[in-house]
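In: Sequence first, predicted coordinates after that:
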Amino acid sequence: MISSQRQHLIVSRLRTRGAVRISALSKELGVSAMTIRRDIAELADKGLLKRVHGGAVSTSTLLSEPLFSVKSQMDIGLKDAIAQKAVEFVQPGDVIAIGGGTTAYVFAQHLLESQNANGITILTNSIPVAELVQALESKDVEVIVTGGVITRSNSLVGPIADKVIASLRVNTVFLGTHSVSIPRGFLMPNSLEAATDMAMMDIADRTIILTDHTKWSSTSLSLFARFGQVDTVITDDGLDADSVARTRDLVKELVLAHPTENSEEESEQLP
C-alpha cells in the first residue's frame, strides 16, 4: 500500500473513531510504527489531523467534545503520571470534588487504589467516577453525584448539577480541561460543562487542574477558569520550556509529572 492510500485510510478511521493509535495502525496496515508516524506528520502538516502522544485525533474534536471512550485511549501514560502526582494532594478524610473527563477519571482510579482515599468524600459530576466508587468493597469512601444533563464525555452538567454543587463545600476540586490558552486560561467545548466546572471551583478551597502537555496546542470555546483562579496545575514534563516559563508566570503552582518508561510503552502499545 502506497503512502497516499495509507493516509486516506488514516483520515477515514479518524472520521469514524475520532482518534487513532500508531500501534493499532501499524498492525492493521502491516507497516512500521515509524512509517505511520511519517504519514501522521504529513497529514498534520496539511491540517487534516492533530498529532498527540501515541497517535492522532481528528481536527473536528478541537471544538467539540470527543466521546469518553475515544478520549480514554489517548495519552494514557501521561494521564497515569499526572494522576499519580495528584494523589499526593489528597489526605485521608478529605472532602473533594472530581470533575468529568478521562484525566480526572484516571486520577480517581489511582486515588481509590491508595491509602489516601481512606475516609474521603467525593462530590462528582462524572458518571464513570461514581461507578468506580460504587464498585469499591473495602474502602470507606462516600460519593455524592450531582445529577444533571449527560454530555458526550459522560459528565453531568446544567442547572440541576450547578444547584446541587452550590449547596456543598469541598477542600479541593480536581478538574480536567480541553485546552490551555496563554494568557486566557482553561477552556471546554461545552458551555454547560464549563459552567458546572466554575460552580465546583466556587465551592472549593483549592482548585487543581489536571492536564497533559498536548492541551497547550489545542483550542476550545468556553473559558471556565483564568490562571489566577487556579492554585495548582499538574501536567507532564513533555511541556515545552517556553510554555513552562509562561505558565509559571501566570499560575500559583505548576507541577511537572514524569511518566515512567513503562507507562510510556503501555501508552504506545494500547489499541
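Out: Received, thanks.
In: which stretches of the stretch 51-200 of the chain have low pLDDT?
Out: Residue ranges of the stretch 51-200 of the chain with pLDDT under 70: 59-75, 137-139.
In: what about the strands in it?
Out: Using DSSP state E, counting those that start in this stretch, the strands of the stretch 51-200 of the chain run over residues 55-58, 95-98, 121-124, 142-145, 149-150, 156-157, 170-175, 179-181, 185-188.
In: between those strands, which one is nearest to T196?
Out: Comparing the strands of the stretch 51-200 of the chain against T196 with Cβ to Cβ, the closest turns out to be strand 156-157 (4.4 Å). Quick note: C-beta positions are derived from backbone N, CA and C, even for glycine.
In: wait, doesn't A44 sit right on S58?
Out: No. Between A44 and S58 there is no contact under Cβ atoms under 8 Å: 11.5 Å.
In: Quick check: neighbours shared by the two?
Out: Here A44 and S58 have K50 as joint contacts, going by Cβ atoms under 8 Å, 6 or more residues apart in numbering.
In: still on that earlier bit, please convert the strands of the stretch 51-200 of the chain to CSV, extending it with distance to I82 and mean neighbour count.
Out: Listed next are the strands of the stretch 51-200 of the chain as CSV, based on distance: least, Cβ to Cβ, whole Å; neighbours: other Cβ atoms under 10 Å:
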stretch, distance to I82, mean neighbour count
strand 55-58, 18, 24
strand 95-98, 13, 24
strand 121-124, 18, 23
strand 142-145, 22, 16
strand 149-150, 25, 14
strand 156-157, 23, 24
strand 170-175, 10, 24
strand 179-181, 13, 22
strand 185-188, 15, 24
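In: Export those as a markdown table, with columns for distance to Q84.
Out: Listed next are those as a markdown table, based on distance: least, Cβ to Cβ, whole Å:
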| stretch | distance to Q84 |
| --- | --- |
| strand 55-58 | 22 |
| strand 95-98 | 15 |
| strand 121-124 | 18 |
| strand 142-145 | 21 |
| strand 149-150 | 29 |
| strand 156-157 | 26 |
| strand 170-175 | 13 |
| strand 179-181 | 20 |
| strand 185-188 | 21 |
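In: List the contacts of the nearest residue to V129 once chain neighbours are set aside.
Out: Among residues not flanking V129 along the chain, A108 sits closest, at 4.6 Å (Cβ to Cβ, 6 or more residues apart in numbering). By Cβ under 8 Å, 6+ apart, the contact set of A108 is 98, 122, 124, 126, 129, 132-133.
In: And for S126?
Out: Residues counted as contacts of S126 (Cβ under 8 Å, 6+ apart) are 98-101, 104-105, 108, 154-156.
In: one more time with 10 Å
Out: Counting by Cβ atoms under 10 Å, 6 or more residues apart in numbering, S126 touches 68, 97-102, 104-105, 108, 132, 145-146, 153-156, 176.
In: Quick check: chain neighbours aside, which residue is closest to the residue positioned nearest the centre of the chain?
Out: By Cα atoms, centre = their mean, the chain has its centre lying nearest to T103, at 3.4 Å. Nearest non-adjacent residue to T103, counting by Cβ to Cβ, 6+ apart: G176, 4.3 Å away.
In: Show me the contacts of S126 that map onto helices.
Out: 68, 102, 104-105, 108, 132 (DSSP state H).
In: For those, pick the one with the most neighbours.
Out: Neighbour count (other Cβ atoms under 10 Å) singles out A104 as the most crowded of these, with 31 neighbours.
In: Next one: the closest residue to that one other than its chain neighbours from R169, what distance?
Out: Spatial nearest neighbour of A104, chain neighbours left out: G176 (4.7 Å); criterion: Cβ to Cβ, 6+ apart. Distance of G176 to R169, given as Cβ to Cβ, to the nearest Å: 22 Å.
In: who has more neighbours, these two?
Out: Set G176 next to R169 and count neighbours by other Cβ under 10 Å: G176 wins out with 28 against 13.
In: Pretty sure the more buried one sits against G99.
Out: Yes. Proximity of G176 to G99 meets the contact threshold set by Cβ atoms under 10 Å, at 6.0 Å.
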